[in-house]
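Asker: Here's a sequence, model it:
(chains A, B, C, D, E and F)
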Protein chains: 4
Amino acid sequence: MQIDTRSHVPIYLQIADGIRAAVAAGLYGPNDPLPSLRSLALHVHVNPNTVQRAYDELEREGLIYAQRGKGLFVAEQGTASAQTHAQDGVRRALDEAVRAARAAGMSARRVREIFEATLDRISEPERDRP
Amino acid sequence: MQIDTRSHVPIYLQIADGIRAAVAAGLYGPNDPLPSLRSLALHVHVNPNTVQRAYDELEREGLIYAQRGKGLFVAEQGTASAQTHAQDGVRRALDEAVRAARAAGMSARRVREIFEATLDRISEPERDRP
Amino acid sequence: MQIDTRSHVPIYLQIADGIRAAVAAGLYGPNDPLPSLRSLALHVHVNPNTVQRAYDELEREGLIYAQRGKGLFVAEQGTASAQTHAQDGVRRALDEAVRAARAAGMSARRVREIFEATLDRISEPERDRP
Amino acid sequence: MQIDTRSHVPIYLQIADGIRAAVAAGLYGPNDPLPSLRSLALHVHVNPNTVQRAYDELEREGLIYAQRGKGLFVAEQGTASAQTHAQDGVRRALDEAVRAARAAGMSARRVREIFEATLDRISEPERDRP
DNA sequence: GTGGTCTAGACCACA
DNA sequence: GTGGTCTAGACCACG
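Answerer: Predicted coordinates:
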């Protein structure tokens, strides 16, 4: 998971999004244990409080549940819920991007070009670039 | 121009983006006067200081220039600068959206479907909804 | 006279300084007529009101006097007064510059180097530079 | 740091200059923490917003970076950047002072006299005056 | 009327 | 505690 400390999106939401995406993608199935607060905090170089807030968010959403002393787990309906949520997010992000492009007078064709280039670039496996 | 007070993007940046888009789209050409601080503040229901900050941003960017007591104007190179900037923004937004989609396990095909639907929807002329 | 609209020093003070310097340098002697409000305003591309404020300033200072319907003239003691004032200004400006240099840890020697280079450059007649 | 509320230079720029000088002089090295917004505001008897604006300026300049909830720090390249910037400032100030002196008809020799006196005065260690 | 600076005080995100 | 954003309202310089 990547955290962008300079983004305007609060870090705890970036973390929640990352978890949600991982669940949506099936990396964690129903009743699978999620990374512990501390381990995730270390991994993304963030204060545990911040991770706590992200997990709070997801628990309130019903995507995960906590078991005292054991940890956090994906809820029964977690996968479907995460997929819906993630898809809404993507839809909203694309909507915003296209809206901005059109406001700046960009042609639909030009936006599509950029989109396809982006899709190609990101669908390829990551590799170092010169 | 639309302001979303619930967005994580600060209002002053939303305003700056709006102006930048308008300049990129050619609504304001080089040396054209821009809306005054106070009039724009009234229009978007925001404090003049917030608009000021947006204009500061654009002035630093070289997109506009201020004349004390006269007003704000599009810079000579404003159109080109705005177009470059706006296109970078769209590219970044699309990148982020696609990245999120892929992280959530969405297929390239599915992302493209959503994108095309969005493009269609937004390219249609705006109309009042009942 | 040169006006820097981007300076923090108000334009009317820049104009007053310019007139004061011209009087100190002897370009205008006692009882000589000064440029009219309008002609000076045209010359420096500034609103006549602004020039008016500059002249007000100088009149209050006793450097010039107005004759209804005739124009503005250098006062009897104008030259000496202007010279004193100008010298004070230079002293203050140098003081500020040196203070800033020392605060930034620059050696006295280094400051002197820059000063001498500046003096050389400005004492030469102006010419186009490649 | 000294603030001159009667100067035409905005307070936030005076503060930015002060910090820049301190960094240029090596009082704060790369990654050193700078005074917090609020503490500096108290120290110079100014509103925290004004200090914030000064720090914004320096952050944009690449001299410092902010960490939310942690504080403000000197950037890796901060020292060099500050020195360049400070030297440019001194050069500009000297240029302006000399230009004013010459416009007022002062001889190069006279300007040098004043300069050397200033340098002597300021290079002496500060002492309390009765 | 215009833009530019400053204050006082509020709320948020984060450690 | 930290930095970041916003508001309300003031005063200045300029046209």
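Asker: State which one residue of chain A is found closest to DNA strand F.
Answerer: The nearest approach of chain A to DNA strand F comes at A:His8, 6.9 Å away (Cβ to the nearest atom of the strand). Where you see a C-beta, it was placed from the backbone N, CA and C, and this is true even at glycine.
Asker: What separation do you get for that residue and B:Asp17?
Answerer: The span separating A:His8 from B:Asp17 equals 12 Å under the rule Cβ to Cβ, to the nearest Å.
Asker: okay, those two: which has more neighbours?
Answerer: For the pair A:His8 and B:Asp17, the greater number of neighbours falls to B:Asp17 (21 against 10), based on other Cβ atoms under 10 Å in any protein chain shown.
Asker: Please report how far whichever residue of chain A sits closest to DNA strand E lies from A:Leu94.
Answerer: Going by Cβ to the nearest atom of the strand, DNA strand E is nearest to A:Pro10 of chain A, at 3.0 Å. Counting by Cβ to Cβ, the separation of A:Pro10 from A:Leu94 is 21 Å.
Asker: okay, those two: which has more neighbours?
Answerer: Between A:Pro10 and A:Leu94, counted using other Cβ under 10 Å, the more crowded position is A:Leu94 (26 against 14).
Asker: tell me the contacts of that one?
Answerer: The neighbours of A:Leu94, taking Cβ atoms under 8 Å, 6 or more residues apart in numbering or on different chains as the test, are B:94, B:97, B:114-115, B:118.
Asker: possible to save the residues you listed as TSV with pLDDT and distance to DNA strand E?
Answerer: Below are the contacts of A:Leu94 laid out as TSV (pLDDT from 0 to 100; distance: Cβ to the nearest atom of the strand, whole Å):
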residue	pLDDT	distance to DNA strand E
B:Leu94	93	23
B:Ala97	92	20
B:Ile114	94	27
B:Phe115	95	28
B:Thr118	93	27
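Asker: Among those residues, which pair sits farthest apart?
Answerer: Taking every pair in the contacts of A:Leu94 and measuring Cβ to Cβ, the maximum separation is 12.0 Å, between B:Leu94 and B:Ile114.
Asker: so the residue of chain A most remote from its centre, which of the three states?
Answerer: Residue farthest from the centre of chain A, counting by Cα atoms, centre = their mean, is A:Gly105 at 30.1 Å. Reducing the assignment at A:Gly105 to three states with DSSP: H, G, I helix; E, B strand; the rest coil gives coil.
Asker: excluding its backbone neighbours, what's nearest it?
Answerer: B:Ala25 (3.3 Å; Cβ to Cβ, 6 or more residues apart in numbering or on different chains).
Asker: Near that neighbour, how many other residues are there?
Answerer: 17.
Asker: Let me see the backbone angles for it.
Answerer: When read as degrees, to the nearest 10, the backbone of B:Ala25 gives phi -80, psi -10.
Asker: And the helices in chain A?
Answerer: Under the criterion DSSP state H, helices of chain A are mapped to A:11-24, A:37-44, A:48-61, A:78-103, A:108-123.
Asker: Return the distance of the second one from the chain's centre.
Answerer: How far helix A:37-44 lies from its chain's middle: 16 Å, per Cα atoms, centre = their mean, to the nearest Å.
Asker: Residues in contact with that helix: which ones?
Answerer: Counting by Cβ under 8 Å, 6+ apart, helix A:37-44 makes contact with A:1, A:3, A:15, A:34-35, A:47-48, A:50-52, A:55, all of which sit outside it.
Asker: Next: stretch A:4-12.
Answerer: By Cβ under 8 Å, 6+ apart, stretch A:4-12 touches A:3, A:14, A:46, A:50-51, A:53-54, A:57, B:8-10, B:13, D:67-68.
Asker: Stretch A:52-70 too?
Answerer: Counting contacts by Cβ under 8 Å, 6+ apart, the residues touching stretch A:52-70 from outside are A:12-13, A:15-16, A:19-20, A:23, A:33-34, A:37, A:72-75, A:77-78, A:81-82, A:85.
Asker: Give me the buried subset of those residues.
Answerer: Of all the contacts of stretch A:52-70 considered here, the ones buried according to neighbour count by 16 or more other Cβ atoms under 10 Å in any protein chain shown are A:12, A:15-16, A:19-20, A:23, A:34, A:37, A:72-75, A:78, A:81-82, A:85.
Asker: Which members of those residues additionally contact DNA strand F?
Answerer: Filtering these for proximity to DNA strand F (criterion: Cβ under 7 Å from any atom of the strand) leaves nothing.
Asker: Am I right that A:Arg102 is in contact with B:Ser123?
Answerer: Yes. Here A:Arg102 lies in contact with B:Ser123, judged by Cβ atoms under 8 Å, at a distance of 6.9 Å.
Asker: Next, show the common contact partners of those two.
Answerer: Between them, A:Arg102 and B:Ser123 share the contacting residues A:Ala108, judged by Cβ under 8 Å, 6+ apart.
Asker: Return the residues in contact with the residue nearest to A:Val23 when sequence neighbours are not counted.
Answerer: Distances taken as Cβ to Cβ, 6+ apart put A:Ala82 closest to A:Val23, at 4.0 Å, once the chain neighbours are dropped. Counting by Cβ under 8 Å, 6+ apart, A:Ala82 makes contact with A:20-21, A:23-24, A:63, B:104.
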